[in-house]
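S.K.: Here is my input; please provide its structure:
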Amino acid sequence: MIADLSVSEKVIVPGKSTSWDIEWWMREKIQSLNYTTWFQPSVFILTGKGFPAADDPSASMDDPRAPDRPIQYGDLIHTDFGVSALGLNTDTQHIGYVLYPGETEADVPKGMIEGLKKVNRLQDIVKGNMKIGMTGNEILKASLEQMHGEGIEGMTNLQDEVPVLGDLHLLKNTYYSIELFAEHFVPERNRTIVFPQEEDVYWDEEANSWQWVYGRQKELLLIRTPALDSEEAPAEL
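M.R.: Below is the predicted model of the structure:
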């Protein structure tokens with residue numbers, strides 16, 4: 001998948017590659033494969049001033065990537081990507097972590113792993129509340145009540161209701177995109193970070209339930225870097 005490949009050491013060079021560099025790589029890859037997309041792919045540095053961080057009101061919502069800086073070791077990276085085909089549009093958001101040289105999966109900050117688990121739980125809540133015949137606003141209200149009852153903060157914009165479209169009823173034999181984020185305090189960074197996720201679901205008539213089209217992200221994508229000599233080792237962020 002182009003989005004997941006873009007969040008890898010094959011594309012990202014820590015200290016050099018910027019979020020805009022990765023966006024342009026995705027655009028050029030789409031064009032080379034003769035794909036089309038219904039929105040421009042985007043890349044955010046969640047551990048920077050982007051998206052914005054839940055506890056950073058100074059971050060810009062107009063351009064949440066700004067300032068466009070090189071991606072560093074220890075950064076949490078977010079991609080938003082979709083393609084168009086057969087009259088349908090995909091929409092996926094995944095996140096990855098940039099390992100320090102020589103680090104392994106065991107070195108990923110536990111707070112970031114917990115953040116992904118929290119947003120996975122939020123996905124379960126929303127999908128569980130998607131009852132056929134309910135309106136989007138009814139599903140939104142039920143999901144908000146349940147997530148707040150479990151102590152989860154996040155979701156996305158239009159928290160009160162979605163005008164017009166939110167009054168449409170959920171239908172069978174349809175694809176829907178579940179877009180949201182959960183806020184989580186990461187002790188290793190001493191800050192609250194947002195953990196976005198977006199996956200498409202389809203109605204499975206045999207199972208009489210919604211199913212993920214291509215599964216969902218349950219583990220962080222890891223940008224692995226080779227070990228360096230002690231003289232070359234980067235300083236901690």
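
S.K.: any chance you could map the helices in this structure?
M.R.: Applying DSSP state H to the chain gives helices spanning 2-6, 19-32, 110-129, 136-149.

S.K.: Could you point out which of those helices sits nearest Val213?
M.R.: helix 110-129 (12.2 Å; C-beta to C-beta). (Glycine included, C-beta is placed from N, CA and C.)

S.K.: chain center to the closest one: distance?
M.R.: Centroid separation between helix 110-129 and its chain, computed with C-alpha atoms, centre = their mean, to the nearest Å, is 11 Å.

S.K.: could you say what helices and strands it packs with?
M.R.: helix 136-149, strand 175-186, strand 191-204 (3 or more C-beta pairs under 8 Å, 6 or more residues apart in numbering; DSSP states H and E).

S.K.: quick one on the thing from earlier: show me the one of the helices of the chain that comes nearest Arg191.
M.R.: Nearest of the helices of the chain to Arg191, taken as C-beta to C-beta: helix 110-129 at 9.6 Å.

S.K.: Buried residues, the closest one. List them.
M.R.: Judged by neighbour count using 16 or more other C-beta atoms under 10 Å, the buried positions of helix 110-129 are 111-113, 115-116, 118-120, 122-123, 125-127, 129.

S.K.: domains for the protein, by residue range?
M.R.: Domains of the chain are assigned by automatic domain parsing as 1-104+220-237, 109-217.

S.K.: any idea which of those domains scores lowest on pLDDT?
M.R.: Looking at these, the lowest mean pLDDT belongs to domain 1-104+220-237 (a mean of 78).
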